[in-house]
Structure formats: structure tokens, C-alpha cells
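> Next input, structure requested:
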Amino acid sequence: MELRDYHVHLERGPYTIEWMKRFLEEGAKRCVKEVGFSEHCYRFIQAKHLWRSSGSRGKWHEERATEDIEWYIDVVEKAKSEGLPVKLGIEVDYIPEWEGEIRDFVLKYPFDYVIGSVHWLGDFGFDNPDYIREWEIRDVYETHKEYFGVLVKAIESDIFDIIAHIDVIKVFGHVTVKDLTPVYEKVAAAMRRADVCAEISTAGIRKPVGEIYPSPAIMSHLKKYEIPVMINSDAHRPEDVGRDFGRALEYVKSYGFNRLCYFEKRKRLQYKI
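Sure thing, here's the model as predicted:
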């Protein structure tokens with residue numbers, strides 16, 4: 001079976017074709033026929049304004065916005081022109097107060113697909129080890145509800161093609177004993193209305209939580225609403241491209257999914273598994 005991996009980050013190396021080939025070579029070992037590069041938007045100088053705040057979020061992004069998005073786009077497009085099986089994507093953090101500016105930014109560039117994700121609740125980077133101590137003073141249930149509330153806004157924004165690691169809020173193993181079923185229902189219903197693709201991410205296996213995103217409870221709701229899905233690795237290094245895809249394939253098949261998504265110039269297509 002030939003697979004695709006559309007959540008891959010180049011950030012630990014240079015924006016060069018040689019570095020991209022490393023990801024392709026490793027992916028090929030796991031039957032990944034096409035790699036979509038989806039660099040974090042916050043890396044780009046042109047996107048600094050999308051995360052501005054008077055608190056730590058603004059400072060964190062200011063320090064990391066060091067790259068030129070035009071260079072990133074040029075090198076991926078050059079790889080395409082040379083016949084390499086790559087796609088141009090981007091992962092964009094959704095910040096509710098800057099929704100309009102995020103939309104305008106995304107529309108400026110020729111992406112094949114846009115991944116939407118939530119990593120911040122105000123100035124709390126909940127999945128960032130730098131902020132892990134804040135979990136000690138937070139109500140886990142209320143934080144989960146807050147996260148999924150922002151995620152629904154991201155889904156409803158009509159900015160994104162793919163919603164990444166839907167329950168990344170669990171990354172450090174924080175779970176709530178209170179029932180989140182109504183919240184999951186709302187997320188899946190919003191995805192159906194927005195007609196977006198849900199990412200099944202193997203990255204969670206490599207994190208402290210040690211399991212795929214999303215959870216079985218969320219997967220049941222994705223199937224109930226017949227949400228299209230794709231499997232991604234969220235690789236930040238070549239050796240993680242396609243990692244644990246065999247496990248993810250069994251996972252999605254166990255819920256009755258038999259197709260996965262891919263994209264071409266923001267158009268969603270599917271292939272059988």
C-alpha cells in the first residue's frame with residue numbers, strides 16, 4: 001500500500017532540496033509515496049503579527065519568527081518542478097482574536113493544503129514543556145472545555161482544510177474524569193458543517209500520553225458524522241515520517257474508515273486503504 005504523510009516539519013534543518021530528500025527517503029521505507037511539508041507558520045517573519053500579545057505568547061513567537069516564507073515556498077515548488085513527490089502545506093495556530101488576519105495571510109500563498117491547530121489558550125502554551133507547571137494550578141476539566149471551545153471556533157472559521165491532533169490537550173497525560181461526550185459531539189458536528197478533514201496523528205505515541213490522537217471516544221464521533229480522515233506523523237525529523245502508520249491504519253479501519261484524504265491546490269481528494 002502506498003501512503004501519504006502531510007504533516008511534516010523541516011525546521012530542524014535548512015530549507016533545501018537535499019534536506020527534503022532525507023524525509024522522502026525515510027518515508028519510502030514505510031511505503032510513504034508523497035510527503036507534504038507543513039512548516040509551522042510561527043517560524044516566518046511575515047507571520048509575526050498573527051500571534052501578538054502583551055504576554056508570553058507574543059514573546060515566544062517573536063523569538064522564533066526568523067525565516068522567510070517566500071524561501072520556504074520557493075524551495076518546495078522547486079522540488080515539485082524537479083519531479084519530487086512533495087506538497088506545499090503549512091500549519092497555522094488558530095488565535096481567535098486574530099482570525100481575520102490569519103485568513104488573509106493564508107489566502108496570500110499557493111498552499112496545497114492548510115492545517116489548523118490550537119496550541120495556545122491565551123498566553124498558556126498548554127502542550128509546551130516550558131509551560132507544564134501551569135497545569136498544577138489549572139482545573140483539568142475546565143481547561144479541556146476551553147481548548148475544545150477554541151478548536152470549534154477554528155473549525156468554524158473556514159480557514160483550514162485539515163484539523164490537526166484533535167485532542168492534543170491530553171499530551172502530558174492530563175485526563176478528566178468528567179464526561180466530555182457533549183463536547184466531542186459539538187466538535188464532530190462542527191467538522192461536518194465545515195467539511196474539513198480530521199487528522200489521525202501518530203505523534204501522540206511519541207509523547208508522554210503515549211497514544212494516537214484522537215482518542216477512541218472522539219473517533220466514534222468522527223465516524224458518526226462521517227468526517228473524512230487522513231493519517232499523519234507530525235514528523236520533525238526524517239526518521240519519523242510514516243512512523244507507526246501500520247498501527248494507525250488498523251485504528252482507522254477498526255472504526256469503518258476505508259479511505260484517506262490528500263490534497264491538490266486546496267482541493268480534497270481520497271484514496272482507498
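> Count the residues that sit near P238.
The tally of other residues near P238 (other CB atoms under 10 Å) stands at 20. In this view, the C-beta of every residue, glycine as well, is placed from N, C-alpha and C.
> Give the closest residue to Y6 in space, chain neighbours not counted.
Once flanking residues are discounted, Y6 sits nearest to G36: 3.3 Å by CB to CB, 6 or more residues apart in numbering.
> name the element T176 belongs to?
Under DSSP states H and E, no helix or strand contains T176.
> SS state for the residue nearest to Y6?
Using DSSP: H, G, I helix; E, B strand; the rest coil, the structure places G36 in strand.
> wait, what's in contact with it?
Counting by CB atoms under 8 Å, 6 or more residues apart in numbering, G36 makes contact with 4-8, 86-89, 112-113, 262-263.
> and if you look at F37?
Contacts of F37 by CB under 8 Å, 6+ apart are 8-10, 20, 23, 76, 86-89.
> Okay, and the beta partners of it?
Counting by DSSP bridges, F37 forms beta bridges with V8, L88.
> biggest helix in this structure by residues?
If you go by DSSP state H, the chain has its longest helix at helix 140-156.
> Centre of the chain to the helix or strand that that helix is followed by, how far?
Sequence-wise, the next helix or strand downstream of helix 140-156 (DSSP H and E) is strand 162-163. With CA atoms, centre = their mean, to the nearest Å as the basis, strand 162-163 stands 6 Å off its chain's centre.
> For strand 162-163, name the packing helices and strands.
strand 113-117, helix 140-156, strand 197-201 (3 or more CB pairs under 8 Å, 6 or more residues apart in numbering; DSSP states H and E).
> how far off strand 113-117 does the longest helix of the chain point, in degrees?
Taking axes from the mean of the first three to the mean of the last three CA atoms, to 10 degrees, one finds that helix 140-156 is oriented at 160 degrees with respect to strand 113-117.
> Just the CA coordinates for helix 140-156, please, in CSV.
Only the C-alpha atoms of helix 140-156 are listed here, as CSV (Å, rounded to 0.1, in the frame of the first residue of the first chain):
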residue,chain,number,x,y,z
VAL,A,140,-8.2,19.9,34.0
TYR,A,141,-11.8,19.6,33.0
GLU,A,142,-12.3,23.3,32.5
THR,A,143,-9.1,23.6,30.6
HIS,A,144,-10.2,20.8,28.3
LYS,A,145,-13.5,22.5,27.7
GLU,A,146,-11.8,25.8,27.0
TYR,A,147,-9.5,24.1,24.5
PHE,A,148,-12.3,22.4,22.6
GLY,A,149,-14.2,25.6,22.6
VAL,A,150,-11.4,27.3,20.8
LEU,A,151,-11.0,24.3,18.5
VAL,A,152,-14.6,24.6,17.4
LYS,A,153,-14.0,28.3,16.6
ALA,A,154,-11.0,27.2,14.5
ILE,A,155,-13.2,24.6,12.6
GLU,A,156,-15.9,27.1,12.0
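> Could I get the buried residue list for that helix?
Neighbour-count burial for helix 140-156, with 16 or more other CB atoms under 10 Å as criterion, is recorded at 141, 143-148, 150-152, 154-155.
> Now pLDDT and distance to F172 too, for the residues you listed, in CSV please.
Listed next are these as CSV, based on pLDDT from 0 to 100; distance: CB to CB, whole Å:
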residue, pLDDT, distance to F172
Y141, 98, 15
T143, 98, 11
H144, 98, 12
K145, 98, 17
E146, 98, 16
Y147, 98, 13
F148, 98, 17
V150, 98, 18
L151, 98, 18
V152, 98, 22
A154, 98, 21
I155, 98, 24
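> and those as CSV, adding distance to H165?
As requested, those are exported to CSV (distance: CB to CB, whole Å):
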residue, distance to H165
Y141, 20
T143, 16
H144, 14
K145, 18
E146, 17
Y147, 11
F148, 13
V150, 14
L151, 10
V152, 15
A154, 12
I155, 14
